[in-house]
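Q: Return a 3D structure for these sequence lines:
(one chain, ligands or ions: 1)
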Amino acid sequence: MTRPVSPEPPAREAIEAGAAALPAPELRVHTDLAEAAEHAGRDTAAALVAAVAQRGAGHLVLTGGSGGQALAEVLPAALERAGLRPGSGLEAIHLWFGDERFVERGHPERNDALAQPLVDAGIPEARVHRVPGPDEVADVEAAAQALRAELERSGPADGRFDVIHLGLGPDAHVCSLFPGHAAALAAGTTVAVRSSPKPPPERVSLTFEVIQRGREVMVVAAGAGKAQAAALGLGRPEVLTAPASCGRGERTTWYLDAPAAHDLSTVPG
Ligand SMILES: O=C(O)[C@H](O)[C@@H](O)[C@H](O)[C@H](O)COP(=O)(O)O
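A: A predicted model of the protein is given here:
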């Protein structure tokens, strides 16, 4: 049982109102996680092609977890098929991380390992905006501040990421924004998380303020273990009980398999 954060600060209303003001998510149900990732990868590539054509750069936020892993396996080919190749737009793609575990560079638990297939495909290391670990900064708060500074220095000019990938936790968390945790209510662009119920305990996460400015938010999840979280996440925006319900952007698409979509008939209107 997660202890609710109280008193409920106005941030909760602002985050929930922000989500409610955005279009409801579109739901796509696929055969399995691989197919869900394939379709999300194709849509990601199309959005990045448009971003590079319109703004000269494309900013993509990657996620960790099983959704992030499945996306990492399909993104290089998806970008290539869309015409994003070395010398032809690929160098204009910036990679960011919706959250990062506060462990040292190269640690197998780091989410930025999922960027490697795209680096191997030709995205320059200078375009991969990694979050510093305990081998580089004093503590997780300093890492959150470093990411905030990097966003100000190199982030999207209008503060709006072109594509934000989100995995879905079984408790309906996204990034490292967990039910009942104060970090889910954080203002600003980044937040230090010290008591993650999902190990490792210390993480840096983007906030809902950033997610809700996204042009395309894509949630990729599969398995019966995510069915309840998906029903909550596709229901009314309630940030403290179902953070995923507030993970919306200008356009939001959920790519699920049938077991993860199983409970959706029970979603409140
Ligand atoms: O750092 C992380 O762990 C992720 O960013 C996290 O938000 C993940 O996407 C969900 O926890 C789902 O992970 P699973 O699909 O592996 O359950």
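Q: Contacts only, for the residue most central in space within the chain.
A: Nearest to the mean C-alpha position of the chain, counting by CA atoms, centre = their mean, stands residue 166 at 3.4 Å. Going by CB atoms under 8 Å, 6 or more residues apart in numbering, residue 166 touches 63, 67, 98, 174-175, 211, 217-220, 244, 247. Quick note: C-beta positions are derived from backbone N, CA and C, even for glycine.
Q: cool, and residue 263?
A: Neighbours of residue 263 in contact, by CB under 8 Å, 6+ apart: 227-228, 230-231.
Q: same check, this time on residue 137
A: Residue 137 sits next to 143, 146 when contact means CB under 8 Å, 6+ apart.
Q: tell me which element the residue nearest to residue 254 when sequence neighbours are not counted falls in.
A: Excluding the flanking residues, the one nearest residue 254 by CB to CB, 6 or more residues apart in numbering is residue 219, at 4.5 Å. When elements are assigned from DSSP states H and E, residue 219 belongs to strand 216-221.
Q: Partner strands of that strand, with direction?
A: strand 163-166 (parallel), strand 251-257 (parallel) (DSSP bridges).
Q: Might one say that residue 213 is in contact with residue 249?
A: Yes. Counting by CB atoms under 8 Å, residue 213 touches residue 249, with 7.2 Å between them.
Q: Among the contacts of residue 263, name the ones in helices.
A: Under the assignment DSSP state H, the contacts of residue 263 contribute 227-228, 230-231 to helices.
Q: Neighbours of the residue nearest to residue 127 when sequence neighbours are not counted, how many?
A: With CB to CB, 6+ apart as the criterion, residue 127 has its nearest non-adjacent residue at 4.9 Å, and that residue is residue 94. By the criterion of other CB atoms under 10 Å, residue 94 has 23 neighbours.
Q: So what sits opposite residue 94 in the bridge?
A: On the basis of DSSP bridges, residue 94 is bridged to residue 59.
Q: near the ligand, which residues of the stretch 1-150 of the chain show up?
A: 63-68, 98-99, 111 (CB under 6 Å from any ligand atom).
Q: make it 5 Å
A: 63-66, 99 (CB under 5 Å from any ligand atom).
Q: Serialize these to TSV and add fields for pLDDT.
A: Converted to TSV, these look like this (pLDDT from 0 to 100):
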residue	pLDDT
63	98
64	98
65	98
66	98
99	98
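Q: Select from these every entry located in strands.
A: Judged by DSSP state E, the subset of these located in strands is residue 99.
Q: what two of the residues of the stretch 1-150 of the chain next to the ligand are the furthest from one another?
A: Longest distance between any two of these is 14.6 Å, between 66 and 99; criterion CB to CB.
Q: Tell me which of these two has more neighbours.
A: Shown here are residue 66 and residue 99; by other CB under 10 Å, residue 99 has more neighbours (29 against 18).
Q: since we're on the closest residue to the ligand within the stretch 101-250 of the chain, how many residues are nearby?
A: Residue nearest to the ligand within the stretch 101-250 of the chain (CB to the nearest ligand atom): residue 167, separated by 2.1 Å. When counting by other CB under 10 Å, one arrives at 25 neighbours for residue 167.
Q: And residue 182, by the same measure?
A: The burial count for residue 182: 15, using other CB under 10 Å.
Q: cool, and residue 180?
A: Quick note: residue 180 (other CB under 10 Å) scores 17 neighbours.
Q: With residue 53 instead?
A: As a burial measure, residue 53 scores 11 neighbours (other CB under 10 Å).
Q: quick one: pLDDT of it?
A: pLDDT, residue 53: 98.
Q: tell me which element it is part of?
A: Using DSSP H and E, residue 53 falls within helix 33-55.
Q: What are the buried residues along that helix?
A: Within helix 33-55, the residues scored as buried using 16 or more other CB atoms under 10 Å are 33, 35-45, 47-49, 51-52.
Q: what about the residue nearest to residue 127, distance to residue 201?
A: 28 Å (CB to CB, to the nearest Å).
Q: how much space between residue 175 and residue 77?
A: 26 Å.
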